[in-house]
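>>> no sequence on this one, just coordinates:
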């Protein structure tokens, strides 16, 4: 069956993400893209579908409803966003192949539930989570992580996400045995005692181009995984890979790295040390769609030209133009 699209929101094909997901469960041969309006949606569980690497549901924002790399409470832009009012995971992926992108996902508050949880997929699974803002505004100091992938041996890809304000880990993966992919994420201010911004539990996971800063204990928990081209504010001496950078000042990297959550802006600022220091992965778009698009470029999908930054964003200098001077010649009547 040909690929299709569905609209999700008030007076659309489906009024809820859950309704759209339920319809996908009964239609395993269809690759359907669910386009969310600039509205607030309830939590969703991907569970019960039988998909393949070529036929899978993709949940994303419709054109014009994407965030601009900032949460709605910062930008006031509306954004297609998912929030949970209950003690539950906000985006829970139990099926093998779903993809989630370009959404703001706000955490479940002061409880032990994760914001995005990819769990117990089969060995052939290839779920993707990319270009999302995943935050909880530090409402919990217990076992509440931003992105958590666990239980199983499957190829998970998580890239171009901004993750902040979680009480446990920012991004954690305990998938074993296969080369999972953790690329181009920005992770800020997560983790109570003993935890970290990024925690990788398997040596096969490839961890590149990630900016992990100002996490409460450490930015990267050890150097497990294939680590390279990462950046952190750690002063422990760990550089997280041969081409990585440590001991950086957080305030010098981002526009507003603050825990005043209505002002948090983790887009890159002029002069940041992480500008141009990343690994160019533009040849990998077939495997990781839009990895060559910065998280700030949702509406334009403009691809990166030149050297890549480390992190989810790519610094763009303000456009400048020459002022034109009008010459008025007055003549005698």
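Here it is on my side, so go on. Source: prediction; values computed, not measured. Residues are numbered from 1 along each chain as shown.

>>> so residue 295 touches residue 162, yeah?
Yes. Using CB atoms under 8 Å, residue 295 is in contact with residue 162, at 6.1 Å. The C-beta positions use only the backbone N, C-alpha and C, and glycine is treated the same way.

>>> Identify the contacts common to the two.
Residues touching both residue 295 and residue 162 (CB atoms under 8 Å, 6 or more residues apart in numbering): 69, 133, 186, 312, 313.

>>> Out of those, grab the one that's most surrounded.
Counting neighbours by other CB atoms under 10 Å, the top entry in these is residue 186, with 31 neighbours.

>>> about what we covered before: for the shared contacts of residue 295 and residue 162, work out which two are farthest apart.
133 and 313 (11.4 Å; CB to CB).

>>> what do those two both touch?
69, 162, 295.

>>> what's the closest of those residues to residue 47?
For these, the residue nearest residue 47 by CB to CB is residue 162; the value is 26.3 Å.

>>> who does the closest one bridge with?
Counting by DSSP bridges, residue 162 is bridged to residue 133, residue 186.

>>> pretty sure it is touching residue 74, no?
No. Taking contacts as CB under 8 Å, residue 162 lies outside contact range of residue 74: 11.0 Å.

>>> quick one, which of those two is more surrounded?
residue 162 (31 against 20).

>>> can I assume residue 251 sits in a helix?
Yes. Assessed with DSSP: H, G, I helix; E, B strand; the rest coil, residue 251 lies in a helix.

>>> For it, which residues are in contact?
residue 257.

>>> next one: residue 296
For residue 296, counting by CB under 8 Å, 6+ apart, the contacting residues are 68, 69, 267, 313, 314, 316.

>>> Could you report the separation of the fourth one from residue 17?
Okay, so that is residue 313. 26 Å (CB to CB, to the nearest Å).

>>> do the fifth one as well
From residue 314 across to residue 17, the span is 29 Å (CB to CB).

>>> between the two, who's got more neighbours?
Each of residue 314 and residue 17 has its neighbours counted (other CB under 10 Å); residue 314 has more, 27 against 23.

>>> Next one: that one, what pLDDT does it get?
pLDDT, residue 314: 98.

>>> any residues touching the helix of greatest length in the chain, and which ones?
As assigned by DSSP state H, the longest helix anywhere in the chain is helix 17-25. The contact list for helix 17-25 (CB under 8 Å, 6+ apart) reads 6, 8, 13-14, 30, 32, 34, 36, 41-42, 44-49, 57, 59, 82.

>>> got a list of what the residue lying closest to residue 229 once chain neighbours are set aside touches?
Leaving aside its chain neighbours, residue 229 sits nearest to residue 279 (4.3 Å; criterion: CB to CB, 6 or more residues apart in numbering). Residues near residue 279 by CB under 8 Å, 6+ apart: 208, 209, 228, 229, 243, 308.

>>> Take those and keep only those in strands.
The strands, defined by DSSP state E, take in 208, 228 from those.

>>> so can I have TSV of the contacts of residue 279 showing pLDDT and distance to residue 142?
Listed next are the contacts of residue 279 as TSV, based on pLDDT from 0 to 100; distance: CB to CB, whole Å:
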residue	pLDDT	distance to residue 142
208	96	30
209	97	30
228	94	32
229	96	32
243	92	35
308	98	36
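
>>> Out of the contacts of residue 279, give me the one that has the most neighbours.
residue 209 (29 neighbours).
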